[in-house]
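Chemist: coordinates for the following, if possible.
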Amino acid sequence: MTAALRMQNTGSRRVFVVGVGMTKFQKPGLQDSLDYPDLAKEAGLKALTDARVSYSDVEQACVGYVYGESTSGQRAIYHSLGLTGIPIFNVNNNCSTGSTALYMARQLIQGGLANCVLALGFEKMEKGSLAFKFVDRANPMDKHVEVMVDKYGLSSAPVAAQLFGCAGKEHMEKYGTKIEHFAKIAWKNHSHSVNNPYSQFQEKYNLEEVMNSRKVFDYLTILQCCPTSDGAAAAILASESFVIQHNLQSQAVEIVAQEMVTDRLSTFQEDSMIKVVGFDLSKEAARRCYEKSGLKPKDVNVIELHDCFSANELITYEALGLCAEGKAGELIDRGDNTYGGKWVINPSGGLISKGHPLGATVLDLLLASAPLRVSSCLSGLSFPEHWVLPTSAAWFWPPSFSLPWPASAPDFTQGLYAVGSGLRLPGAPPSLLSGPRILCLSLRLRVMVSLVPQHPLGAHPCPTPGLL
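Modeler: Below is the predicted model of the structure:
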């Protein structure tokens, strides 16, 4: 790497995903489960191989995890990927951990501080419902819980399930949404997961089975809640000059917008559980991303969002502007959240089926950029113009992975497919102006390709026991 390239102007620069990799997400505690350094090694090496670069090309690394000792990021990288002396930043932001690592990595390139950065996330979790680790100090979500207790009380169910479950109850009380609408979301996500070999669960259920599975809290059943998971995911991000210098134009996918938003007064002062679980954060992050990218919800084809519970997915439809507030139930009834509708939402199976290793979540979502790099082995498949990925969700479709797609969609077996700019065939000029793009939002508990919400709810384990 030349000094001139390293010292390139420090103005806002374009950032591209050039390599991705992940492990299969698995139940914690399995006899053959890997330790976190091995999980990180598998995901990291896959990403480097995919990017066609060596670890010596990586200038900085942002590593996300929640459950582990301090500096686990260094241990994950040192004896797995290399000892090159680069800065390694450890990130802990609960459900937003993976997306925060991505956010930091992108900023390093965008600000001209680096040209190639590794964003890595991993998690080795415990069986069952996750408990608080410290009882001798203030809990970061105590004020959020206070709002819930004042409005709906407190039960013995997992606190995260109560928070999001109460948000769903409020939606039903305010807009007439039905229990079936939440169940239909879980039914959809479980149905989608059968096509994702990296998903923790790949079982298909009917609506009745979803609604009649074990109750976790009120109307929320176990099949509407995400599980705890072991897993890792990684992405290699690069500047435009790095992409050109290393001849990576044919695989570079641009992140055109990414925002991070934290709580505001409305979270605590409006007596609303919908606000408590992050509606305003998601809405504002989405607004900023749409504004920066010049896109609108109708321009998006595929969305991965944070479905820690089915209630959160429903609420996020409205926060992202897919429908008016209170109209998510109608969107669901029309089938506009799956194949054949306006959007395909959580085609990976979402957290509910795919799993939710906190540090890897969202980074594996970013791996959604893989299908944008169409190759001959994907003959017969076609991909959307824009992807929206949530902050706390994750998934990856490897090049050999085939998934159902509307037969009416155009089929491009070579080059890159991008909104508004059409197809750039291999051998075209090196300009990256017409490459595929990812819309990233940074919200609290979700990412619209990077809805990176930073919010103390992330400080409480969202996963729920029962599927372990």
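
Chemist: now the closest residue to Tyr65 other than its chain neighbours: which helix or strand?
Modeler: Nearest non-adjacent residue to Tyr65, counting by Cβ to Cβ, 6 or more residues apart in numbering: Gly359, 3.8 Å away. C-beta: built from backbone N, CA, C; applies to glycine. Taking DSSP states H and E as the definition, one finds Gly359 inside no helix or strand.

Chemist: contacting residues around Gly359?
Modeler: 63-66, 91, 97-98, 101, 121-123, 232 (Cβ atoms under 8 Å, 6 or more residues apart in numbering).

Chemist: switch to 10 Å and redo it
Modeler: Going by Cβ atoms under 10 Å, 6 or more residues apart in numbering, Gly359 touches 36, 39-40, 63-68, 72-73, 76, 90-94, 97-98, 100-101, 120-125, 231-233, 394.

Chemist: the stretch 151-300 of the chain: strands as residue ranges?
Modeler: Taking DSSP state E, counting those that start in this stretch, the strands of the stretch 151-300 of the chain run over residues 215-217, 220-221, 231-239, 253-257, 259-262.

Chemist: closest to Ile332 out of those strands?
Modeler: Nearest to Ile332, of all the strands of the stretch 151-300 of the chain, is strand 220-221, at 16.0 Å by Cβ to Cβ.

Chemist: okay, now the sheet partners of that closest one, with direction.
Modeler: Strand pairing for strand 220-221, using DSSP bridges, gives strand 215-217 (antiparallel).

Chemist: got a list of what Ala234 touches?
Modeler: Ala234 makes contact with 19-23, 40-48, 50-51, 61, 63, 81, 98, 101, 118-122, 360, 363-364, 366-367 under the criterion Cβ under 10 Å, 6+ apart.

Chemist: how about residues contacting stretch 169-179?
Modeler: For stretch 169-179, using Cβ under 10 Å, 6+ apart, the contacting residues are 151-152, 162, 168, 181-182, 184, 211, 217-221, 224, 271-277, 279, 310-311, 314-315, 318, 325-330, 332-333.

Chemist: hang on, the earlier thing: could you identify which of the strands of the stretch 151-300 of the chain is most buried?
Modeler: Highest mean neighbour count among those (mean count of other Cβ atoms under 10 Å): strand 231-239, with a mean of 31.

Chemist: next one: it to chain centre, how far?
Modeler: If you compare the mean C-alpha spot of strand 231-239 with that of the full chain, they lie 13 Å apart, counting by Cα atoms, centre = their mean, to the nearest Å.

Chemist: in terms of secondary structure, what does the strand or helix carrying Lys143 contact?
Modeler: According to DSSP H and E, Lys143 maps onto helix 142-152. Contacts defined by 3 or more Cβ pairs under 10 Å, 6 or more residues apart in numbering; DSSP states H and E place helix 142-152 against helix 159-175, helix 265-269, helix 273-276.

Chemist: next, the angle from the longest one to helix 142-152.
Modeler: Spelled out, that is helix 159-175. Here helix 159-175 runs at an angle of 50 degrees relative to helix 142-152 (axes from the mean of the first three to the mean of the last three Cα atoms, to 10 degrees).

Chemist: distance to Gly112 and mean pLDDT added to the strands of the stretch 151-300 of the chain, as JSON lines?
Modeler: Shown next, in JSON lines, are the strands of the stretch 151-300 of the chain (distance: least, Cβ to Cβ, whole Å; pLDDT from 0 to 100):
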{"stretch": "strand 215-217", "distance to Gly112": "47", "mean pLDDT": "96"}
{"stretch": "strand 220-221", "distance to Gly112": "46", "mean pLDDT": "98"}
{"stretch": "strand 231-239", "distance to Gly112": "8", "mean pLDDT": "95"}
{"stretch": "strand 253-257", "distance to Gly112": "16", "mean pLDDT": "90"}
{"stretch": "strand 259-262", "distance to Gly112": "20", "mean pLDDT": "92"}
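
Chemist: could you export these to TSV, including columns for distance to Ser348?
Modeler: Formatted as TSV, these follow (distance: least, Cβ to Cβ, whole Å):
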stretch	distance to Ser348
strand 215-217	22
strand 220-221	21
strand 231-239	12
strand 253-257	17
strand 259-262	22
